[in-house]
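> take a look and give me a structure for this.
(one chain, ligands or ions: 2)
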Amino acid sequence: MDDRTTASDTPLFDTLTVIGPGLIGSSVLHRARRDGMLARRLIAVDNNPTFRQRVWDLGIADEVTENVAPAVAEADCVMLCVPVGVMGEVAATAIPAMRPGAILTDTGSTKVSVIDAIRPSLRPDISYVPAHPMAGTEFSGPDAGFATLFENRWCLLTPLPETSSDMAVSAVESLWQRCGARTKDMTPEHHDRVCAIVSHLPHLLAFTICGTADDLADQTRSEVLDFAASGFRDFTRIAASDPIMWRDIFLSNRDAILEMLARFTEDAQAMARAIRWADSDYIVDRIERGRQIRRSLIENHQA
Ligand SMILES: NC(=O)C1=CN([C@@H]2O[C@H](COP(=O)(O)OP(=O)(O)OC[C@H]3O[C@@H](n4cnc5c(N)ncnc54)[C@H](O)[C@@H]3O)[C@@H](O)[C@H]2O)C=CC1
Ligand SMILES: O=C(O)C(=O)Cc1ccc(O)cc1
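Ligands and ions are numbered 1, 2, ... in the order given. Prediction:
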């Protein structure tokens with residue numbers, strides 16, 4: 001394994017095994033195939049036979065199998081890209097079969113509960129570096145992946161002092177940088193609070209508003225959804241996300257999501273009060289803050 005943190009002309013790993021080559025895992029494999037800079041040999045593991053066939057047909061792995069143990073035995077790096085609710089059980093199968101000195105990483109959208117689920121299976125001779133690429137779409141499965149998914153996006157790392165060697169952290173940073181991402185380290189607790197507000201709560205709101213609109217359409221037997229303007233359409237894109245993945249995220253980041261939802265509910269109540277009492281200044285101030293956030297996001301992205 002080569003732990004250089006800048007792009008070089010040799011692959012970072014000899015063998016990379018991706019367990020769960022869906023949207024995220026297959027995007028890593030596409031990138032690895034396209035540039036040849038992540039690993040010389042790519043192995044994919046999936047428990048869904050249709051997905052295994054698709055990964056093989058896409059030509060993004062050298063070996064595709066349902067058997068975890070032989071697929072991880074020679075890997076320098078094993079990346080878990082399965083839903084957060086099954087990370088623990090998949091890690092429990094993979095870790096005993098990994099070679100000494102190998103790196104384990106994951107891409108789960110929540111970190112505290114994934115780390116808690118994996119920790120009991122860890123070995124002192126394996127480095128575990130949790131990670132979370134802040135990039136994705138509403139689609140899932142191997143056909144949804146593409147090589148540029150992580151381009152100019154953040155990948156958040158939550159290394160653990162007791163399980164993540166410096167060399168392993170550098171290698172995982174390098175892996176994501178070679179996928180086109182920028183990397184940042186933070187604690188798992190901070191990660192979960194940040195993601196609760198910028199990712200998990202927006203998804204919760206999208207699922208809820210679509211459900212409410214659908215209920216209203218049922219009750220009034222009217223075609224409200226046919227007239228959906230672009231604001232509502234933006235919500236429906238997010239609401240089309242995978243139900244199992246999002247059930248797992250909500251249940252595994254319960255405390256932070258409920259805390260952010262309570263704060264949001266208070267702010268929504270304040271907005272309701274402002275509308276009731278025609279408090280124009282409050283309403284304009286809130287909307288102006290939204291515009292500023294949008295502008296600074298676009299400026300940062302362009303920078
Ligand atoms: N979808 C997104 O936009 C993002 C998702 N993530 C996280 O990355 C992980 C993967 O997400 P996606 O790629 O979107 O999911 P996905 O549903 O597209 O892919 C998951 C893959 O794991 C496989 N799988 C499930 N259980 C398995 C098991 N027990 N053994 C072997 N394979 C199994 C599935 O067959 C599927 O191919 C999740 O933990 C998710 O929270 C992180 C960033 C963005
Ligand atoms: O599709 C979108 O807008 C997303 O926000 C994708 C996404 C889903 C889950 C994550 O943990 C990170 C990104």
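> test my guess that Met186 contacts Thr158.
Yes: applying C-beta atoms under 8 Å, one finds Met186 in contact with Thr158, separated by 6.1 Å. To be clear about C-beta, it is placed using only N, CA and C from the backbone, and glycine gets the same treatment.
> which one's more surrounded, the two?
Neighbour count, other C-beta atoms under 10 Å: between Met186 and Thr158, Thr158 has more, with 22 against 16.
> for that one, give me its contacts.
Thr158 sits next to 111, 115, 130-132, 185-188, 191 when contact means C-beta atoms under 8 Å, 6 or more residues apart in numbering.
> now those in TSV, with distance to Arg153 and secondary structure?
Compiled in TSV, those are given as follows (distance: C-beta to C-beta, whole Å; DSSP: H, G, I helix; E, B strand; the rest coil):
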residue	distance to Arg153	secondary structure
Lys111	17	coil
Ile115	22	helix
Pro130	17	strand
Ala131	12	strand
His132	11	strand
Asp185	16	strand
Met186	16	coil
Thr187	21	coil
Pro188	20	helix
His191	15	helix
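> are any of these buried, and which?
Among those, those classed as buried by 16 or more other C-beta atoms under 10 Å are 111, 115, 130-132, 186, 188, 191.
> can you give me the strands in the stretch 51-200 of the chain?
Using DSSP state E, counting those that start in this stretch, the strands of the stretch 51-200 of the chain run over residues 63-65, 77-80, 103-106, 127-133, 154-157, 182-185.
> among those, which comes closest to ligand 2?
Shortest distance between ligand 2 and the strands of the stretch 51-200 of the chain, using C-beta to the nearest ligand atom, is found for strand 127-133: 6.1 Å.
> does the closest one come close to ligand 1?
Yes: Strand 127-133 lies within reach of ligand 1 by C-beta under 6 Å from any ligand atom, at 132-133.
> show me what that strand is packed against.
With contacts taken as 3 or more C-beta pairs under 8 Å, 6 or more residues apart in numbering; DSSP states H and E, strand 127-133 sits against strand 103-106, helix 112-118, strand 154-157, helix 166-178, helix 188-195.
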